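Novice: sequence plus predicted model, see below.
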Amino acid sequence: MKKLVSSTIVTVCILSAITITGCQSVSPKLQDEYIRPGLSQGMHSVFDKYRPLISEMMAEDKLPGLSIALVDRDGILWAAGFGYTDYGKKTPVTTDTLFDIQSTGKTITATAVLIAVQDGLLDLDVPIIEYFPEFTVNSRFEEDPEKKISLRHLLNHTSGIASEAPVGNNREASYLSLEEHVQSISHTWLRHKVGERRSYSSPGYDLAAYVLQLRSGQPFAEYLKYKIFIPLNMPNCLVDPQLIRNHPNRAVGHMQFVKHFPLTGDIPFVGAGGHYINAKELARFVQFYLNGGKVDGQTILDESLITSMVTPPICYKQYGLGVDIFHDKYYIIGHGGSGMGFFSFMFWLPEYEIGCVCLVNSANYNPSFSIFSDLIDENLVQKNKYFEIPSVEYQAWQPPDPNTFTRFKPAWKKYIGTYKFIWRGWKFSTSIRIALALGLTHNYTHLKVFDKDGYLCVNTGILNDMDSGQLDEHLPGLFFTPTGKCLDLRGPTFTWQNYRMKKVDNDPDRNFDINF
């Protein structure tokens, strides 16, 4: 019966990977494959079934390359590479091809911090200014918030730190140091009180990486190498931008309308998403957690710290320390990442001792993880053997009523208009330039500020976004949305969520030409 359940889960893992990625490619044929010797014929039948399905779905969605691996406590069950590292079709994708895993790397960063806690270098609940005394940040809610922010707050996204930093972000490749990137956070505003609620923050992870760098006395990439990559037999995992750039078997990111992406490691997102890894070695990372933090029987991370990792804060029950936690029907732990032309995910099911990783060098789709849970519910035969999950108390946060915000002031008329974000390090295709010239803009390129129903409002361009609405003024020219996103029009540089922008028109409804 156990073999039947394992085979069923393997089927579900593969099918979920296919469905989530959408899958495309110029020539999405199988390029490389490993199957563990001694597996049953039933398992081989599963692989036989899904090889062509992966190729078909890659062709349909025009994905250049995809690499997938299934793993249990003993190692890789199946690993395969499909397609090519780019549309030039010169280099086939293998199970050794490096992909940018984006935010999936946050689990690796959290693991590094927990190992430092285990070694006595760090404490999860000590204010980070004890390790980084120069750090400060602005808050509308409390004085000296930096005296409250701990590594636990950074790793579970409850610090309140904004989603981007002014120096080094998704719209402007900085080519500056981690230190300069982290120091720029001191010029930002918290979205909420420390620990009040969860708001996703990549700079928080870069700050955690920098604190670890300070305490260990070695670059973050070196710490990862000697504390995680070497012990877990992951020698090809890279964070150093120069090593990544020169690697001969590296996938290139792709996304519709974008001709060139800056290298993630140059931004620098060393803690938040600058990890380049291949499918086989990311599978070993999952195997490490399936074995309770052990490698070949040797403890690398104590189970008590893994328990802390998968324990969510009271304000958000679906995220621990660097891991998403899904427990509506089944107990699933993992993380996903998307950006710079890449998409990735990894997850593991502790109850069934199996996990899956999938890496794609394209972001031309909108992945959904809900189908994974649906397929498990439809296919598992032992539905009475759920993992016992302790109930989690959850305190839902309610945003302020925007109708209580300050009514529109005549002095705010000067802020009305259209603002264009400043991009550096990106190259856009001719088609998107034409679309923009026709006024077919979206939230990635422009922001509109306008007067509506007696309030100053912002339009982020995202349908049903609760932040597309009223603004409240905290200081002259400094505004916040109900969820705490910051619009700073005090000049000379205007910013939205710390992205720089410039005003291009006083009429928010007028179409205009754009030059990048």
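Specialist: In hand now; what should we look at?
Novice: quick check: pLDDT value at residue 480.
Specialist: On pLDDT, residue 480 comes in at 95.
Novice: what's the answer for the one 4 residues further on, then?
Specialist: pLDDT, the model's per-residue confidence, is 94 for residue 484.
Novice: am I right that it is in contact with residue 196?
Specialist: No - using Cβ atoms under 8 Å, residue 484 is not in contact with residue 196; the gap is 9.8 Å. The way it works is simple: take the backbone N, C-alpha and C, and place the C-beta from them, glycine included.
Novice: list the residues that contact both of those two?
Specialist: Residues touching both residue 484 and residue 196 (Cβ atoms under 8 Å, 6 or more residues apart in numbering): residue 160.
Novice: ok, the two, which is more surrounded?
Specialist: Neighbour count, other Cβ atoms under 10 Å: between residue 484 and residue 196, residue 484 has more, with 22 against 17.
Novice: can you name the residues bridging to residue 79?
Specialist: Beta-bridge partners of residue 79, counted by DSSP bridges, are residue 34, residue 69.
Novice: change the start of the numbering to 254 and stick with it
Specialist: Right, with 254 as the first residue, what we last looked at is residue 332.
Novice: so what's the residue count around it?
Specialist: By the criterion of other Cβ under 10 Å, residue 332 has 23 neighbours.
Novice: ditto for residue 374
Specialist: By other Cβ under 10 Å, the residues close to residue 374 number 17.
Novice: which residues touch it?
Specialist: Counted by Cβ under 8 Å, 6+ apart, residue 374 has contacts 465, 468, 469.
Novice: state the distance from the second one to residue 404.
Specialist: Here the criterion is Cβ to Cβ, to the nearest Å. By it, residue 468 lies 10 Å from residue 404.
Novice: which residues are common contacts for the two?
Specialist: When contacts are counted by Cβ under 8 Å, 6+ apart, residue 468 and residue 404 are jointly contacted by residue 375.
Novice: quick one, which of the two is more surrounded?
Specialist: Between residue 468 and residue 404, residue 404 has the larger neighbour count (other Cβ under 10 Å), namely 27 against 18.
Novice: check contacts around the more buried one.
Specialist: By Cβ under 8 Å, 6+ apart, residue 404 lies in contact with 366, 370, 375, 376, 377, 378, 379, 381, 461, 464.
Novice: could you confirm the fourth one falls within a strand?
Specialist: What that stands for is residue 376. No - counting by DSSP: H, G, I helix; E, B strand; the rest coil, residue 376 falls outside a strand, being coil.
Novice: ok, and the closest non-adjacent residue to it?
Specialist: Leaving aside its chain neighbours, residue 376 sits nearest to residue 370 (6.5 Å; criterion: Cβ to Cβ, 6 or more residues apart in numbering).
Novice: wait, a strand at the one you found?
Specialist: No - counting by three-state DSSP, one finds residue 370 to be helix, located in no strand.
Novice: what about it, neighbour count?
Specialist: For residue 370, the neighbour count with other Cβ under 10 Å is 20.
Novice: domain parsing for the chain?
Specialist: 254-650, 655-758 (automatic domain parsing).
Novice: among those domains, which gets the worst mean confidence?
Specialist: Here the lowest mean pLDDT among these goes to domain 655-758, at a mean of 81.
Novice: and the gap between the residue nearest to residue 376 and residue 601?
Specialist: Computed as Cβ to Cβ, the residue 370 to residue 601 distance reads 22 Å.
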